[in-house]
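Asks: Here is a sequence with its predicted model. Questions after.
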Protein chains: 2
Amino acid sequence: MRGTDTELHILQVARKVFFTEGKIDATMQEIADAAQVTRTSLNYYFRSRDSLFKKIHEQSGLEFEARLNDVMTRTLPFREKVDNLVTVLLEQLQRYPYQEIFLISDFHYNPDSMSKVNKHSMQLFLKEIAEHMEKGEVIKMNPVHFMVNIFSLIAYPFLMKPLYKVLFTMTETDYANLLKQRKDVVMKLHFPE
Amino acid sequence: MRGTDTELHILQVARKVFFTEGKIDATMQEIADAAQVTRTSLNYYFRSRDSLFKKIHEQSGLEFEARLNDVMTRTLPFREKVDNLVTVLLEQLQRYPYQEIFLISDFHYNPDSMSKVNKHSMQLFLKEIAEHMEKGEVIKMNPVHFMVNIFSLIAYPFLMKPLYKVLFTMTETDYANLLKQRKDVVMKLHFPE
DNA sequence: CTTTGTTTTGACAATTTGGTCAAACAAACA
DNA sequence: TGTTTGTTTGACCAAATTGTCAAAACAAAG
């Protein structure tokens, strides 16, 4: 596989194994197999498992954060802004439903990994939410609750898919449809008719 | 330590390590230390790590499910019923915030572990929700969305506590207060004035 | 065709983890 | 007191996993 950028390829595959398939404790061998390289190659490109994981973790975190920042800081009518925010969330979770879980699990072993999160644009956005609540465009509540609501209502159904499919007796496509409707649910709950 | 019920003690400690502290891949040694017994004792009482985990998993699942069923089938005014449901959820997540996550992670390796979930009382409750929506007591939507909303709005903030504390720049007590307000948020969003 | 620097590979060592076992132990009992 | 029963322990082994290394394979440049 010379010539093609193996390093990038491995990163993408590993990311998929971890964050898409949710194989939280995938071994180097599993990742190597998935990427169709030998395990030794993994150590050649990335020193250790830890190093590989950290790289993916960080890269993914930054990427996601950048997209969120992007949406939150763009000048747009508030409702559209929230709409875009939800879209970004949906896309992200479609691709990497387990990323946040990893973040949280990892936290117990690297408690400082959170500290890098950029809080500034969130603070600005919270203020913006408050303003639009004043104007009556949005249901009134603590803006933090508003954000927590959006994240929760979108992310959790993705996480719990295996369980909820059974609990509510739904087929794969049923559940996929349900997920598609989530944006609508979120918007209707928070924006008064 | 004869006389005292070591087995039960170990179960409780292990459960705490797994589901409360979120140490998703705690080793036998870690659990042994936490329970202040030797690792060999763990194998004496429970054959293997797998067996120990399964026992906790199953026991916890049944316990939680029983509490949910209990609430959903009790005859009560609908609004109080939902109120109780949320209370049960809150208590459960207060104690074992990571239980559901384990369930999901585990799913990849034991896909059939979900099949035991009791779907009957959920189906009944979904019908009940629909009826009360007809009467206009609850915001109208697909009852499945209603349930997913409740679970999501309550559970996710518990899971994401480490991240959200940082993201929203909150102290421990600030966040604890936020969590206390979640029931109110859920109710206000779904029950019209 | 040879040289050069990079990539890939297989064999190996080190570590971690889970599980077994026989011996030691303590309490209950004959 | 000596025996039985259930519990605890430390010493082992086996399997899985990670990481290293030197040699081989390779592609491109000279």
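Replies: Received, thanks.

Asks: drop to CA atoms for contacts and neighbour counts, all remaining ones
Replies: Will do.

Asks: and chain A, which of its residues are near chain B?
Replies: Counting by Cα under 8 Å from any Cα of the partner chain, the residues of chain A close to chain B are A:22-24, A:101, A:104-105, A:107-108, A:114-115, A:117-119, A:122-123, A:144-145, A:148-149, A:152-153, A:156-157, A:159-160, A:162-163, A:166-169, A:178, A:182, A:185, A:189-190.

Asks: Narrow those to those in helices?
Replies: Using DSSP state H, the members of the residues of chain A next to chain B that fall within helices are A:101, A:104-105, A:107, A:122-123, A:144-145, A:148-149, A:152-153, A:156-157, A:159, A:162-163, A:166-167, A:178, A:182, A:185, A:189-190.

Asks: which secondary structure elements does the helix-or-strand element of chain A with minimal mean pLDDT contact?
Replies: One helix or strand of chain A scores below all others by mean pLDDT, DSSP states H and E: helix A:99-107, with a mean of 84. Contact partners of helix A:99-107 among helices and strands, from 3 or more Cα pairs under 8 Å, 6 or more residues apart in numbering or on different chains; DSSP states H and E: helix B:161-167.

Asks: quick revisit: now restrict the ones in helices among the residues of chain A next to chain B to buried residues only.
Replies: Neighbour counting by 16 or more other Cα atoms under 10 Å in any protein chain shown classes A:101, A:104-105, A:107, A:122, A:144-145, A:148-149, A:152-153, A:156-157, A:159, A:162-163, A:166-167, A:178, A:182, A:185, A:189-190 among these as buried.

Asks: Leaving out sequence neighbours, find the closest residue to A:V117.
Replies: Of all residues not flanking A:V117 in the chain, B:L167 sits nearest, at 6.6 Å (Cα to Cα, 6 or more residues apart in numbering or on different chains).

Asks: That neighbour contacts A:F125, correct?
Replies: No - counting by Cα atoms under 8 Å, B:L167 does not reach A:F125; the two are 11.9 Å apart.

Asks: on that earlier part again, need the contact list for the residue nearest to A:V117.
Replies: For B:L167, the contacting residues are A:V117, A:N118, A:K119, A:M122, by Cα atoms under 8 Å, 6 or more residues apart in numbering or on different chains.

Asks: go on, A:N69?
Replies: A:N69 neighbours (Cα under 8 Å, 6+ apart): A:S121, A:M122.

Asks: That one: which element?
Replies: helix A:49-73 (DSSP states H and E).

Asks: Buried residues, that helix. List them.
Replies: A:L52, A:F53, A:I56, A:H57, A:S60, A:G61, A:F64, A:L68, A:N69, A:V71, A:M72.

Asks: On the three-state scheme, the spatially closest residue to A:H190 that is not a sequence neighbour is what?
Replies: Closest residue in space to A:H190, ignoring its immediate chain neighbours: A:I139 at 5.3 Å, by Cα to Cα, 6+ apart. Under DSSP: H, G, I helix; E, B strand; the rest coil, A:I139 falls in the coil class.
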